[in-house]
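Engineer: fold the following and give me the result.
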Amino acid sequence: MPKGEQAVVRISKRVTVDELRKKACEVFDLVPDEVCIWDYYGRTKHALMDNLEKTLDDANIQMDQDILVEVTTDANGSLDGACMSSIQEDYFGSTSTYLMTDASKSGCLNENLASLCYGSRSYSSSLMQSQYLRSSSGDLDNVPGTVGMTTRGSPSGLTGLLNLGNTCFMNSAVQCLVHTPEFARYFREDYHCEINWHNPLGMVGELALAFGELLRKLWAPSRTPVSPRPFKTKLSRFAPQFSGYNQHDSQELLAFLLDGLHEDLNRVKHRPYLKSKDAEGRSDEEVADEYWANHIARNDSIIVDVCQGQYKSTLVCPVCGKVSVTFDPFMYLSLPLQFASTRSMTVVVFTCDGSAPPIPYTVSVPKQGRCRDLIQALSNACSLRNEERLLIAEIRSHRIHLILEDPVLQLSTIKDDDHLAVYRLPRLEKRASYVQFVHRREDLDLGNNSSSTSWKPYGVPLLAQISRNETVTGSDIHEMARKMLVPMFRNHVAQHSAVQSSLSTRTQSYHTDSSKFQLQLIDDSNTVIEQTDYAIRVPQSSVATVIFVNWSKLDLKKLNTNHLEHLPEVFKYAPPAKRTRGEPLSLYACLDAFLREEPLVPEEMWYCPRCKEQRQASKKLDLWRLPEVLVIHLKRFSFRYLSVKLMSCMLLAIIMAAWRVGIILLT
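Structural biologist: As a prediction, this is how the structure comes out:
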């Protein structure tokens, strides 16, 4: 049998070991009784496959697993040698078989030795036309990276990494970089001349050398999986957080690896101290180029060449309007996943003049919108008049916890399980002070031979406003309460639904019922507010003054308490199985959400050089300069109620789109 002969056959994984042995003998003209088959996984004799009745599937033959076909005797009756093969299923539950013969460098194998190899799907089309194909093969021993097995016809760069135990987070990040064409070319050439051996911020070149060695192994023409243990050992030495075999975040590892490789390969040996100048009316192009030149003067490596881009960051002071523009480098983008561009919010609108009962409204607002968007949506829903305005309040423990007056406040600060009340108020020319009417119901405590009455907060508070510096009497306070309570009396609800009577008629209806019970108002010092003309001081503050409305059990029965008791959540959270499918997700939507203008969080206040104070400025990011390879980290986790990992199938569209344009995605 000629040295280096190869053949490819098609065989099912449901055939027996005996049929596989006979097929090998048929192709290589061997005698079946002189051939035995070994499980040769990892190029080690694991077990003799002597149960010839077993199928390949039952024998646990895995895809790309090596099989050793051993010729037991030669003319002298001695052991002759061995050969190897690998196995892989095709689409039809069959197995493609690749056969070859080869002689080892040591000369212990001769032309009686055959190699049986289950090849990849790339052979399937030709195999369906012929049972086997013979061709000659050159000596494979001189091919770098081959460790005793054939790689003829196999493209480089298809080698996998062994999982050392929960190291898939590292393997995925490494494979992303290894298969980036720019890095593959760079580390397969002589990159040693660019190693910065004396960079105090680097790893003395050790990380770059370890990564380069791993990349070369993965690009060697071999199908044997590579163990990344030496690389991981070196990585753990400089980043102890990745030591051991626990799960870690792939993006965190990639960020460390990119930064470490940059420092090890930084071409700048002595970094100059540079300070960027103020824009002073110059064009953005000129300022951006200056920032980038200063950055390159201190940071110049293959990582910068391939992966680093530049932001344009714009800060605007909310007080004086000072605008600050800077241009900063970035290594990767961390994008939030925006599965829906809108958000459904449910609130209850209360009128402060008694013109209508409380009405719940559900509106759609931009998911990254602000309070002004919610106010606009509610204004349209409730047909708000020009002389009216809406005031949003967060309700906690039956009291107003916070008045949301800032129109640019982000709606993301309002949680789905919050309770909001919106008050419909008249527009005032002057700044207003607020009076909050908190309901309390009678609670009778029956003790040992005694009883006591206490008052517990109840329902949703009502809100009235007065102009600051306006004199308010006890009678005025009572009149405010009466107006707001009119729509809630049971005998009034039918009247209101049948005909829109005037406010005076409704007030008169209230007075008719007032003889049946006594409205009791108490201030925060527990003093009864009488219906007198004596002035009552209302503090000039945006915080609402609290007045308690005490209800006896008998009086409370005369109210339609549904309007007061049941304030809905902003959004009722539904179980995952009942959620409707959201809008299609695109990478552009994620990028748009990332670049949207938003105020800084209080922990990251900006020092305004004009105000000389820390300000919660609004910040807007723009992508000014894009790298050759854009690294994007998709934030796949949501932390509302429970930590929810977003389904991988929901990301398939944007991952495929990114792959087509050369974007590295980490999720």
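
Engineer: after the helix or strand hosting Val174 comes which helix or strand?
Structural biologist: For Val174, the enclosing helix or strand under DSSP states H and E is helix 168-178. Beyond helix 168-178 on the C-terminal side, the first helix or strand identified by DSSP H and E is helix 181-188.

Engineer: go through that next one and flag the buried ones.
Structural biologist: 182-184, 186-187 (16 or more other Cβ atoms under 10 Å). C-beta coordinates here come from the backbone N, C-alpha and C atoms, glycine included.

Engineer: then stretch 452-459?
Structural biologist: Result for stretch 452-459 [16+ other Cβ under 10 Å]: buried residues 455, 458-459.

Engineer: also stretch 287-300?
Structural biologist: 287-288, 290-292, 294-295, 299-300.

Engineer: with distance to Ala589 added, can I get the residues you listed in CSV?
Structural biologist: CSV is the format used below for the buried residues of stretch 287-300 (distance: Cβ to Cβ, whole Å):
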residue, distance to Ala589
Val287, 30
Ala288, 26
Glu290, 33
Tyr291, 29
Trp292, 29
Asn294, 34
His295, 30
Asn299, 32
Asp300, 35
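
Engineer: which of those fall in helices?
Structural biologist: The helices, defined by DSSP state H, take in 287-288, 290-292, 294-295 from those.

Engineer: turn the buried residues of helix 181-188 into JSON lines, including pLDDT and distance to Trp606.
Structural biologist: What follows is those, written out as JSON lines (pLDDT from 0 to 100; distance: Cβ to Cβ, whole Å):
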{"residue": "Glu182", "pLDDT": "93", "distance to Trp606": "37"}
{"residue": "Phe183", "pLDDT": "94", "distance to Trp606": "37"}
{"residue": "Ala184", "pLDDT": "92", "distance to Trp606": "42"}
{"residue": "Tyr186", "pLDDT": "94", "distance to Trp606": "39"}
{"residue": "Phe187", "pLDDT": "94", "distance to Trp606": "41"}
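
Engineer: can you lay out the ones in helices among the buried residues of stretch 287-300 as JSON lines showing distance to Phe330 and pLDDT?
Structural biologist: Listed next are these as JSON lines, based on distance: Cβ to Cβ, whole Å; pLDDT from 0 to 100:
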{"residue": "Val287", "distance to Phe330": "17", "pLDDT": "93"}
{"residue": "Ala288", "distance to Phe330": "13", "pLDDT": "94"}
{"residue": "Glu290", "distance to Phe330": "17", "pLDDT": "93"}
{"residue": "Tyr291", "distance to Phe330": "12", "pLDDT": "94"}
{"residue": "Trp292", "distance to Phe330": "12", "pLDDT": "95"}
{"residue": "Asn294", "distance to Phe330": "15", "pLDDT": "94"}
{"residue": "His295", "distance to Phe330": "11", "pLDDT": "95"}
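
Engineer: between those, which is closest to Pro602?
Structural biologist: Tyr291 (27.9 Å; Cβ to Cβ).

Engineer: how many residues are close by the residue nearest to that closest one when sequence neighbours are not counted?
Structural biologist: Nearest residue to Tyr291 in three dimensions, chain neighbours excluded: Phe327, at 3.9 Å (Cβ to Cβ, 6 or more residues apart in numbering). Phe327 has 22 neighbours, counted by other Cβ atoms under 10 Å.

Engineer: tell me how far the strand ranked longest in the chain lies from the chain's centre.
Structural biologist: Taking DSSP state E as the criterion, the chain has its longest strand at strand 451-467. In this view, strand 451-467 has its centroid 43 Å away from the chain centroid, taken as Cα atoms, centre = their mean, to the nearest Å.

Engineer: other SSEs contacting that strand?
Structural biologist: On a contact count with 3 or more Cβ pairs under 8 Å, 6 or more residues apart in numbering; DSSP states H and E, strand 451-467 meets strand 342-351, strand 388-396, strand 399-404, strand 420-426, strand 432-446, helix 474-485, strand 545-551, helix 562-565.

Engineer: next SSE downstream of the last one?
Structural biologist: The reference is to helix 562-565. helix 587-595.

Engineer: and that next one, average pLDDT?
Structural biologist: Across helix 587-595, pLDDT averages out at 84.

Engineer: okay, buried residues for that helix please.
Structural biologist: 587, 589-591, 593-595.

Engineer: wait, doesn't Ala421 sit right on Leu567?
Structural biologist: Yes: in this structure Ala421 lies within contact range of Leu567 using Cβ atoms under 8 Å: 6.6 Å.

Engineer: give me the common contacts of these two.
Structural biologist: Common neighbours of Ala421 and Leu567 (criterion: Cβ atoms under 8 Å, 6 or more residues apart in numbering): 348, 395, 460.

Engineer: in a markdown table, list the residues you listed along with distance to Phe489, pLDDT and neighbour count.
Structural biologist: Shown next, in a markdown table, are the shared contacts of Ala421 and Leu567 (distance: Cβ to Cβ, whole Å; pLDDT from 0 to 100; neighbours: other Cβ atoms under 10 Å):
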| residue | distance to Phe489 | pLDDT | neighbour count |
| --- | --- | --- | --- |
| Val348 | 18 | 93 | 20 |
| Ile395 | 22 | 93 | 18 |
| Val460 | 16 | 93 | 22 |
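
Engineer: just the residues you listed now: which is nearest Thr72?
Structural biologist: Using Cβ to Cβ, Ile395 comes nearest to Thr72 of the shared contacts of Ala421 and Leu567, at 86.6 Å.

Engineer: report the separation between that closest one and Tyr434.
Structural biologist: 14 Å (Cβ to Cβ, to the nearest Å).

Engineer: what lies in contact with stretch 236-246?
Structural biologist: 164-167, 170, 203, 206-207, 232, 235, 248, 253, 256, 260.

Engineer: list the buried ones in that stretch?
Structural biologist: Here stretch 236-246 shows 238-239, 242 as buried, counting by 16+ other Cβ under 10 Å.

Engineer: want to throw the residues you listed into CSV with secondary structure?
Structural biologist: Converted to CSV, these look like this (DSSP: H, G, I helix; E, B strand; the rest coil):
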residue, secondary structure
Phe238, helix
Ala239, coil
Phe242, helix
